Structures are given as C-alpha cells and as structure tokens.
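>>> Would you be able to build a 3D model of this:
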Amino acid sequence: MRISNLIADGAPAPLASASHLPPPPIRLPRPALFLDMDGVLAPLAETPDAVVPHPERTAALRAVAGRLDGRVAIISGRTIAEIDRIAEASAASASGVHGLERRRADGSLDRAEADPAVRDAVAAFEAFARTRPGIIVEDKAVSAGLHYRGAPAEGEAALALAKDLAGQTGLALQAGNLVVELKTPGTSKGTALKAFMQEPPFAGAVPVMLGDDLTDEDGFRAAETLGGFGVLVGPPRETAARYGLPDVDAVLAWLNAVEERE
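Residues are numbered from 1 along each chain as shown. Okay, here's the model as predicted:
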C-alpha cells in the first residue's frame, strides 16, 4: 500500500521524479519563507516530545525573520503550542495541525472547530496501541495521530485502520513519515500558505516552502502556483519541489545565508 495513495485532502497532482534537485538560491527577490518543523528545522525523533529547543535553530529563525521583515512562518502538523515550545516562540506567524490552527503575524488566531468524530478516532487508535508496544497516540483535539516510528512493522496495520476509520467517519486521512493522522477536513499546509500570502507581511512576496514529507507536497504546489517554489529536505523522491537540501543542518546553513535581493 502506497502511503501517497492515502492522502485525503484531494488527489495530489502528478509529481516529477527527482533523482537530484539543485540547492535553492541564497539571494531571492522579496522571499517569504514557510518552514515545516520535523525533518526540516528539527531532526526526526522517536517520539514527538523528544524534539526540544535548540539555540542555533532559534537564533537562525530570529535572524532570518529580522532580515525579511517578518516574512517567516512555521507550517507544521504539530500544534502551535508545540511549534512555540520547540522554536521558543521565535516565529510570530505559525500554522499547526496541517492548517487547522493558524496564527497571523499580529497574534490573532484562527482555529477550526473539531469534528466530533476525532474523539472516536482517538479511542480507536488508543485501542490499537494498547497491545502494540512502541505505538504512540497523539490527541490534538482537532485531529488524532498514530505514530509507529517505534514499531515500523505495524505500519501496514496502522494505515489499514486509519483508512477504514476515514471511510466510516469522513475524517481526512493524512499520512506522513511513520505516522498516520485523521483530522478535521478542509485544510492542508497548502491552504495555510495561501492564507498567509493574502495578509501582511507576506502579501506580494515570493513564497518558498521547505518540507520533507508527503504532507508538505500541498505546500510545494501552493508556493509554485503563487510564483514561488518548494524545497525538498532529505533524500530525493517524487516531489513537486523544484530545489533540494540534504538535511536539517543544510537548512540551518541556508537560513543563515538567505537574503533579499534588490
């Protein structure tokens, strides 16, 4: 079963096969940066709470936001509270839970109302995890996550359960890197990026989305549609991104070097 076939935010557009992607340029015309957290700003970890703040990351985010007049947003599957914990509140603009939460640069917050079926998904995931060591259930109120990084052999069963629940409940199925999520439908990282681009300080800028996961493909496509591009972080794969960076360290080096071109 291909994970990409399970994404429920609409059928993904055909992706280009990328055996190699060039690094993104450092000097850009009025860029707006949209950054995923896990696998992009922070290394992947065995459990969600194992990712902790890091002074170099925080300093890089604050510095690039200063150079770009605040045109930096973190767009993640994590909640905004988790984004702030890990990034030490260094990003004024943030979107959590695949667009279901969004905080504007002025501090105002949009949060979707949770689909009641999320509670059923949490209960089903907890029952699944009860007899499978290494499985972690994450309750985000508007979504339910089932992490199997600690038990990768359970991946097919986890995906099958999530697909069945999505069919029963109408929740959107969001498959990621050794995690599957059932969420209140209607948003994605792409919708979050587009919403930011309609508001200050992002309006009129060139969007650049950095991501590593299948959940970031909507963001890559949204950036391309609005005149920008995506940057795939990690090993080459089929992607809508135009550029690539090998790992988290390369992302931080790029953030420290990026500047606005006159």
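>>> mind checking which helix or strand Ala32 is in?
Following DSSP states H and E, one finds Ala32 within strand 31-35.
>>> Pull up the pairing partners for that strand, direction included.
Using DSSP bridges, strand 31-35 pairs in its sheet with strand 72-75 (parallel), strand 206-211 (parallel).
>>> can you put the ones you listed in CSV and add mean pLDDT and mean neighbour count?
C-betas here are computed from N, CA, C, even on glycine. Conversion of these to CSV gives the following (pLDDT from 0 to 100; neighbours: other C-beta atoms under 10 Å):
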stretch, mean pLDDT, mean neighbour count
strand 72-75, 98, 28
strand 206-211, 98, 26
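>>> A strand includes Gly145, no?
Yes. Counting by DSSP: H, G, I helix; E, B strand; the rest coil, one finds Gly145 located in a strand.
>>> what pairs with it across the strands?
With DSSP bridges as the criterion, Gly145 is bridged to Glu138, Glu181.
>>> Please, which helix or strand holds Phe125?
Using DSSP H and E, Phe125 sits within helix 117-130.
>>> Quick check: buried residues in that helix?
Neighbour counts over helix 117-130 (16 or more other C-beta atoms under 10 Å) mark 117-118, 120-122, 124-125, 128-129 as buried.
>>> tell me which of those residues is nearest to Phe202?
For the buried residues of helix 117-130, the minimum distance to Phe202 (C-beta to C-beta) is 29.6 Å, reached by Val118.
>>> who touches the nearest residue to Gly150 once chain neighbours are set aside in this structure?
The shortest distance from Gly150 to any non-neighbouring residue, by C-beta to C-beta, 6 or more residues apart in numbering, is to Gly134 (3.2 Å). For Gly134, the contact set (C-beta atoms under 8 Å, 6 or more residues apart in numbering) comprises 148-151, 154.
>>> Please spell out the ChimeraX selection for the buried subset of the residues you listed.
Per 16+ other C-beta under 10 Å, the buried members of these correspond to this ChimeraX selection:
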select :148,149,151,154
